[in-house]
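K.L.:
turn this into a structure:
(2 chains)
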Amino acid sequence: MLMKITVKLIAMDPFSPPGFDANGIGVFTLADGSSLEDLISALKLPDGVGEAYMTLLNEDAVPISGRAGVALSDGDEVTVFPAIKGG
Amino acid sequence: MAWHGKLLRVNLTRGTCTPEPLNMDWVKLYLGQRGLGSKYLYEEIDPKIDPLAPDNKLIFATGPLTGTCASTGGRYSVITKGPLTGTIACSNSGGQFGGELKQAGWDMLIIEGKAAKPVYLMIVDGAAEIIDAEGFIWGETVWDTEDAIKKRHQDPLIRVASIGAAGEALARYACIMNDRDRAAGRSGVGAVMGSKLLKAIAVRGTTGVAVDDPKRFLDVTREKRRVLDPSPARARYSGLGTMAMMDVTQAHGSLPTLNCREVQFEHVLDVNVKKQHAVRRTDGEAPYQGNKACFACSIGCGRMAKIDPNHFSIKGKARYQGVTGGLEYESAYAVGPMCGVHDVEAATYASALCNEHGLDPISFGATVAAAMELFEIGALTSEQTEGRDFSFGNAEALCWAAEVTGTAQGFGKDLGLGAMRLCEKYGHPDLAMVVKGQEFPGYDPRAMQGMALGYATSNRGACHLKAAPFVDDFQRVTTDGKAKIVKDSQDYVAAIDSSGLCTFTKAAWQAPDYADQIDAACEGDWTVERLLEIGERIYNLERLFNNAAGFTAKDDTLPKRVLTEPAKGGAGKGRVAELDKMLPEYYELRGWTPDGEPTTQTLQRLGLA
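P.N.:
Numbers count the residues shown, from 1 in each chain, chains lettered A, B, ... in the order given. This next block holds a predicted model:
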C-alpha cells in the first residue's frame, strides 16, 4: 500500500525538490507505515550549521524528537519550515 | 583594547561636552553596549523620574566589537528610561552610525539635561560641538535632516542619528533613526531625545579601533565568517529577508491578526515575501529592489523597496517614488495582518513614513489596530478620524494614520500615545495588545508559550528580541520546560546585545563563537561562562531598575485577550497563554522571590548587592 502525503515547504526558497510547485506544495508517495521522520529524510532538505526544520502535521506541531514515532496516514498534510529565530 | 576607554558626556543644559574615562571596572562586569549603558543609567538616574524630564539621560553605547571587522560589528544601543513603558529602555540599532561613533574614538555618549533651544551634536573624532538646529533642521524629517547636515558640513560620509517630527512632538513610541532607515526603534527613545530638544547627533570617525591581539582577531573573525557566511540561515536572511517569517507564523498560527482577534490572516498571500518579490503588472517592477547591509555585516538582511508609483498612497508624490527601506517582517505584520490590511504597497508606504518621521512601526501598527477595533465597537467615531472609515482592513485609513501620526497632526496625536494610553482614553484598556505599555511584535503568544513568558518578563515590555524561544515554540505548544529556555536565552541575548554584534548571527553562531571573538579583541579572559554570567547580571540589573521604578510581579502579565480567549486555529488552536504555569518556575530559576524581586542571595552571587 502507498500513501499520498501533501507537503508544503515554507520559507525554503530557492530550495525546491522535483514535483513541487511554485508555491512550495508537492505530493509525496510513501509506503504504508512510514513515519514523519521517513518523510523528512526523503525530502533531502538542505543541511548546514545551525539548521533545523520544524514540522506541522495537519496543523499540529511535532517536535523533532518525536517525528520517528509519528506514523503518517494517507491524505495527511505536512508543513515544513526552517527554524527561523526571529524577524 | 577594543574599548577606547573614553566616553563623551554632553550636558545640554550647560552646553558642555566633556570627555571622561570609561569605567573599566564596570566593563569587566557588563561588557559594553546594553550592559554597560544600563549600568551607567542605573547609577546616574532615579528610576522614578518622569522619562521626559530633563533628569532622564540618553545613553548611546557601543560594544567592544562595534567598529571592528567582526561580521555585523556595527551595533549600538540607546539606553534610557522609556516613555512608552516607564521601564528601562534599550533599543539596538545597526546601520553605519554605531561603527562611525566607535571609529571616532568614543565608546559611549551620555546626553543629559535639556537644551534651551533645539540643537544638534556634531562629533568629528575627538572634537564635539553643540550647534543650533532652529531654522536649520528642527521640524524637518529624518531624511531631510540627514541630507542637510551632510551638505552643511560638506562630508557625505558623516553618519547621522536623528528624530523626526514624531520625536519632536514626544510621540510615545518615537524612534531614533540612523542611516535613513535603521532604527533604535522601540520604547520611545526618540521622544526622550525630543524632550531634550536634541534633533540629531552627527559623527565622523577616522581614528579606527584597536584590538588586543590583531593577528589572532583577524584569524578568529575570518574563521567565524567561514561558519556564518555559507550557513543556510545567512542565505535565508539575505535571500528572503525577515519577511520569510510571515508564512511561518501564518502556518503555525502565531501571526497576530486583527488586533489579536485571530492568529492567522486570510489574506496573507497579499502581504508575504512572495508578494514582496512579485513583479507588478502596473510598472513591471517588484516592491523588493535589493538588499542593504549594516556596518561590517556579511548577512545583508535589510530590504529596499519601491512602491508602485500608481498606488493611491504616492501618486503624484515624487518624494516616495524612489527606492526606500522596507518591508521587514515586524513592520509588515504590524501594518498588515494586525490591522487587517492586505495591500503590500500601502504597508510599504506606512513603513516608509515611520522611517521618514521616526516612528516605531511595530508600535504604530499595533496602535492603529487597537484604534480600528475601538472604531468597530463604536468607542471611536468618525469625529475622531476626521470622517474616515477606520475599520479593519482599510488601507487608506492606515496610510492616513501614518501621515498624521508621523507629523503629529489631529488624531495622529492620539495615535502617538500608543495602544495602552489610547485604549485607556477611549474606555477600553483591555483592547491594547501590550505588556508594560509596549505593543506586541509579530508573534501571538497563545501558540508560542515561551514567547508568552518572554513578553511578560521582558524588561522593556513586549519584545521578541530579549528572549529566543522560537525553535522550541515552533515544536511544542505546551508550557513545560519553557521557563528555563526563556531564562537562559534572555541571559544569552543580553550578552550578545552587549558585544557590538547582531543577534541574527545566533542563527549560525554558538556561544563559543562570540566568546572567541571578544577574547581576541579584548584584554582578559572572555569565556562562555563569563559572558553568560554577564548576561544574567545585566538582566537582573535591568530588573532592579524596574522594581525601583515601581514595577512588580503584577506587571509580568499579558493582555486579557490572550489569557482568556483561545486561539481559533493553527498549532495552538484552543489554547490561551498559560503564564500562571510558567511564572513561578521562572522566578525560581532566576533566584527571584514570588513577588518578582531578586533575592539577596541572587544579588550577592552576581555582585549586585
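K.L.:
the residue in chain B that chain A sits nearest to: neighbour count?
P.N.:
For chain B and chain A, the shortest gap (C-beta to the nearest C-beta) falls at B:Tyr329, measuring 3.3 Å. Backbone N, C-alpha and C define where each C-beta goes, glycine included. Neighbour count of B:Tyr329, defined by other C-beta atoms under 10 Å in any protein chain shown: 26.
K.L.:
please apply the same query to B:Gln475.
P.N.:
For B:Gln475, using other C-beta under 10 Å, the count is 20.
K.L.:
what about it, which SS state?
P.N.:
coil (DSSP: H, G, I helix; E, B strand; the rest coil).
K.L.:
I'd say it and A:Val62 touch.
P.N.:
Yes: at 7.4 Å, B:Gln475 and A:Val62 qualify as touching, with contact defined as C-beta atoms under 8 Å.
K.L.:
kindly check the end-to-end length of stretch B:329-346 for me.
P.N.:
15 Å (C-alpha to C-alpha, to the nearest Å).
K.L.:
list the buried residues of that stretch.
P.N.:
In terms of neighbour count (16 or more other C-beta atoms under 10 Å in any protein chain shown), stretch B:329-346 has its buried residues at B:329-346.
K.L.:
ditto for stretch B:196-215
P.N.:
The neighbour-count check on stretch B:196-215 (16+ other C-beta under 10 Å) flags B:196-205, B:209, B:211-212 as buried.
K.L.:
can you dump the C-alpha coordinates of it into PDB?
P.N.:
Below are the C-alpha coordinates for stretch B:196-215, written out as PDB (Å, rounded to 0.1, in the frame of the first residue of the first chain):
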ATOM      1  CA  LYS B 196      15.900  67.300  25.400                       C
ATOM      2  CA  LEU B 197      15.500  69.400  22.200                       C
ATOM      3  CA  LEU B 198      18.300  67.400  20.600                       C
ATOM      4  CA  LYS B 199      17.400  66.900  17.000                       C
ATOM      5  CA  ALA B 200      20.400  64.900  15.800                       C
ATOM      6  CA  ILE B 201      23.800  63.500  16.500                       C
ATOM      7  CA  ALA B 202      26.200  63.600  13.600                       C
ATOM      8  CA  VAL B 203      29.500  61.800  13.700                       C
ATOM      9  CA  ARG B 204      32.600  61.400  11.500                       C
ATOM     10  CA  GLY B 205      35.200  59.000  12.700                       C
ATOM     11  CA  THR B 206      38.700  58.300  11.400                       C
ATOM     12  CA  THR B 207      40.700  57.100  14.400                       C
ATOM     13  CA  GLY B 208      39.900  53.400  14.000                       C
ATOM     14  CA  VAL B 209      39.600  50.800  16.700                       C
ATOM     15  CA  ALA B 210      42.500  48.900  18.100                       C
ATOM     16  CA  VAL B 211      42.200  45.300  19.400                       C
ATOM     17  CA  ASP B 212      44.200  43.300  21.900                       C
ATOM     18  CA  ASP B 213      45.700  40.700  19.500                       C
ATOM     19  CA  PRO B 214      45.300  41.900  15.900                       C
ATOM     20  CA  LYS B 215      46.600  38.800  14.200                       C
END
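K.L.:
off-centre distance for that stretch?
P.N.:
21 Å (C-alpha atoms, centre = their mean, to the nearest Å).
K.L.:
same question, stretch B:308-325
P.N.:
Offset of stretch B:308-325 from its chain centre (C-alpha atoms, centre = their mean): 26 Å.
K.L.:
next: stretch B:256-263.
P.N.:
22 Å.
K.L.:
and if you look at stretch B:121-141?
P.N.:
For stretch B:121-141, the distance to the chain centre is 24 Å (C-alpha atoms, centre = their mean).
K.L.:
go on, stretch B:347-365?
P.N.:
13 Å.
K.L.:
dump the residue contacts of B:Lys150.
P.N.:
Each residue near B:Lys150 by C-beta atoms under 8 Å, 6 or more residues apart in numbering or on different chains is listed here: B:156, B:158, B:160.
K.L.:
tell me the domain boundaries of chain B?
P.N.:
B:6-204, B:242-438, B:466-605 (automatic domain parsing).
K.L.:
B:Asp25: neighbour count?
P.N.:
8.
K.L.:
residues near B:Glu529, how many?
P.N.:
Neighbour tally, B:Glu529, other C-beta under 10 Å: 11.
K.L.:
my guess is B:Ala609 meets B:Leu544, correct?
P.N.:
No: with contact defined as C-beta under 8 Å, B:Ala609 does not reach B:Leu544; the gap is 10.5 Å.
K.L.:
tell me, what's touching these two both at once?
P.N.:
Contacts common to B:Ala609 and B:Leu544, judged by C-beta under 8 Å, 6+ apart, are B:Leu603.
K.L.:
compare those two (neighbour count), which wins?
P.N.:
B:Leu544 (19 against 10).
K.L.:
let me know the helix or strand that that one is in.
P.N.:
Per DSSP states H and E: B:Leu544 is located in helix B:528-549.
K.L.:
now for that helix, which elements pack on it?
P.N.:
helix B:24-30, helix B:33-44, strand B:88-93, helix B:482-496, helix B:511-521, helix B:600-605 (3 or more C-beta pairs under 8 Å, 6 or more residues apart in numbering or on different chains; DSSP states H and E).
K.L.:
pick the most deeply packed of these.
P.N.:
Compared across these, strand B:88-93 shows the largest average neighbour count, a mean of 27 (mean count of other C-beta atoms under 10 Å in any protein chain shown).
K.L.:
now for the helix or strand just after that one, which elements pack on it?
P.N.:
Next helix or strand after strand B:88-93 toward the C-terminus (DSSP H and E): helix B:97-103. The contact analysis (3+ C-beta pairs under 8 Å, 6+ apart) places helix B:97-103 against strand B:58-62, strand B:76-81, strand B:159-162, strand B:198-204.
K.L.:
so where is chain A shaky, pLDDT-wise?
P.N.:
A:49-50, A:86-87 (pLDDT under 70).
K.L.:
all strands of it, in order?
P.N.:
Secondary structure of chain A, counting by DSSP state E: strands at A:2-9, A:25-31, A:53-57, A:60-62, A:77-82.
K.L.:
how about the first one: buried residues?
P.N.:
This points to strand A:2-9. So for strand A:2-9, counting by 16+ other C-beta under 10 Å, buried means A:3, A:5, A:7-9.
K.L.:
ok, so of these, who is nearest chain B?
P.N.:
When those are compared for distance to chain B (C-beta to the nearest C-beta), A:Lys8 wins out at 7.3 Å.
K.L.:
quick one: distance of stretch B:18-27 to the chain centre.
P.N.:
26 Å.
K.L.:
compute the first-to-last residue distance for that stretch.
P.N.:
20 Å.
K.L.:
same question for stretch A:19-37.
P.N.:
End-to-end distance for stretch A:19-37: 20 Å, by C-alpha to C-alpha.
K.L.:
quick one: distance of it to the chain centre.
P.N.:
7 Å.
K.L.:
that older thread, I'd like the strands of chain A laid out as CSV, including distance to chain B.
P.N.:
Listed next are the strands of chain A as CSV, based on distance: least, C-beta to the nearest C-beta, whole Å:
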stretch, distance to chain B
strand A:2-9, 7
strand A:25-31, 12
strand A:53-57, 4
strand A:60-62, 4
strand A:77-82, 5
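K.L.:
can I get these in TSV with distance to B:Ala53?
P.N.:
Formatted as TSV, the strands of chain A follow (distance: least, C-beta to C-beta, whole Å):
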stretch	distance to B:Ala53
strand A:2-9	53
strand A:25-31	57
strand A:53-57	47
strand A:60-62	47
strand A:77-82	46
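K.L.:
of these, which is nearest B:Asn178?
P.N.:
Shortest distance between B:Asn178 and these, using C-beta to C-beta, is found for strand A:77-82: 30.1 Å.
K.L.:
show me what the closest one is packed up against.
P.N.:
Using 3+ C-beta pairs under 8 Å, 6+ apart: strand A:77-82 touches strand A:2-9, helix A:36-43, strand A:53-57, helix B:232-239, helix B:244-252.
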